[in-house]
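Asker: everything below, folded, please.
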Amino acid sequence: MSDTTTFRVHRYKQGDATSHHDRFEVPIGPRTTVLDALTAIRRTQDPSLTLRHSCFHASCGTCGMKVNDREVLACVTNVRELASSEVVVEPLDNAPVVSDLVVDMGPFYARFNAVGRPLVRESELVPGSCPAPGIPHSMRYEDCIECGICVSACPIAGTDPAYLAPAALAAADRVREEPRGGDVPFVMRLADDSHGAWRCHLAFECSEACPSNVEPAVHIAQLRRSLIGRRWRRPSAEPVGARR
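Answerer: Residues are numbered from 1 along each chain as shown. Here you go, the predicted model:
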């Protein structure tokens with residue numbers, strides 16, 4: 001059995017003076033996701049609707065967006081479970097809107113580059129790779145799927161464009177935990193900044209929104225504890241928070 005749900009979708013194209021919302025009536029079944037509904041809109045009602053998606057099973061993170069004012073992955077958000085007569089779909093916050101539901105992820109990726117942590121997922125699938133001596137099998141170290149949801153949910157990222165932001169700070173803490181050749185001193189100095197780990201207010205909105213259980217707020221708290229420990233051990237002649 002299917003019924004119809006109203007979708008109110010954010011629309012914006014380059015050159016528009018302002019954004020607006022368009023309404024669409026979409027047939028919904030018991031397993032219809034928000035991404036299913038959006039692709040149906042594009043296929044049968046408005047082919048000009050733009051959105052990002054790829055895997056359809058919460059692995060790639062490209063379909064991150066806001067649904068009824070909450071950050072979600074559209075591919076695993078069941079429409080009926082929203083229990084809403086109207087579904088409002090908007091792009092992620094704290095990122096420039098390129099078109100409709102698509103935001104520019106360039107600044108988000110640039111923060112990852114700053115901490116020198118390219119994401120490594122399920123390394124046993126890399127051709128020719130093998131576990132290190134003494135390790136029986138490879139394991140997944142990186143849970144982040146680069147969706148940008150934590151940055152959208154973060155109240156600080158919206159007010160401080162220089163803030164390193166939750167995803168990159170969580171990556172910085174992973175460098176501290178397991179360097180894999182990373183420049184730990186540089187990363188810790190990057191985090192030990194007024195726009196780094198100390199800028200976070202620990203609202204835990206990032207951890208609440210994260211679809212992959214990365215717990216960015218926990219990583220930021222761990223960074224702070226480690227930074228305080230380093231300061232305690234630092235010779236008194238060295239300025240606290242000095243950047244090199």
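Asker: heading C-terminal from the host helix or strand of R189, find the next helix or strand.
Answerer: Using DSSP states H and E, R189 sits in helix 184-191. Where DSSP H and E defines the elements, the next helix or strand beyond helix 184-191 is helix 205-209.
Asker: elements contacting that next one?
Answerer: With contacts taken as 3 or more CB pairs under 8 Å, 6 or more residues apart in numbering; DSSP states H and E, helix 205-209 sits against helix 149-153, helix 216-233. C-beta coordinates here come from the backbone N, C-alpha and C atoms, glycine included.
Asker: deepest in the core, which of those helices is it.
Answerer: helix 149-153 (a mean of 28; mean count of other CB atoms under 10 Å).
Asker: by contact count, what packs against it?
Answerer: Looks like helix 149-153 contacts strand 64-67, strand 70-73, helix 166-177, helix 205-209 (3+ CB pairs under 8 Å, 6+ apart).
Asker: any idea which residue sits dead centre in this structure?
Answerer: In the chain, the residue lying closest to the centroid (CA atoms, centre = their mean) is G148, at 2.3 Å.
Asker: that residue is in contact with G106, isn't it?
Answerer: No - using CB atoms under 8 Å, G148 is not in contact with G106; the gap is 10.9 Å.
Asker: thinking again about what came up before, quick one: the helices and strands packed on helix 149-153 as TSV, columns for mean neighbour count, mean pLDDT and distance to L35 too.
Answerer: Converted to TSV, these look like this (neighbours: other CB atoms under 10 Å; pLDDT from 0 to 100; distance: least, CB to CB, whole Å):
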stretch	mean neighbour count	mean pLDDT	distance to L35
strand 64-67	25	98	9
strand 70-73	22	97	8
helix 166-177	25	92	21
helix 205-209	21	96	17
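Asker: so in this structure, where's the weakest helix or strand by average pLDDT?
Answerer: The weakest-scoring helix or strand in the chain, judged by mean pLDDT, DSSP states H and E, is helix 106-115 (a mean of 85).
Asker: and for that helix, what's in contact with it?
Answerer: If you take CB atoms under 8 Å, 6 or more residues apart in numbering as the criterion, helix 106-115 is touched by 95-96, 118-119, 146, 148, 151, 164-165, 167-168, 171-172, 175, 187, 190.
Asker: okay then, goodbye and thanks.
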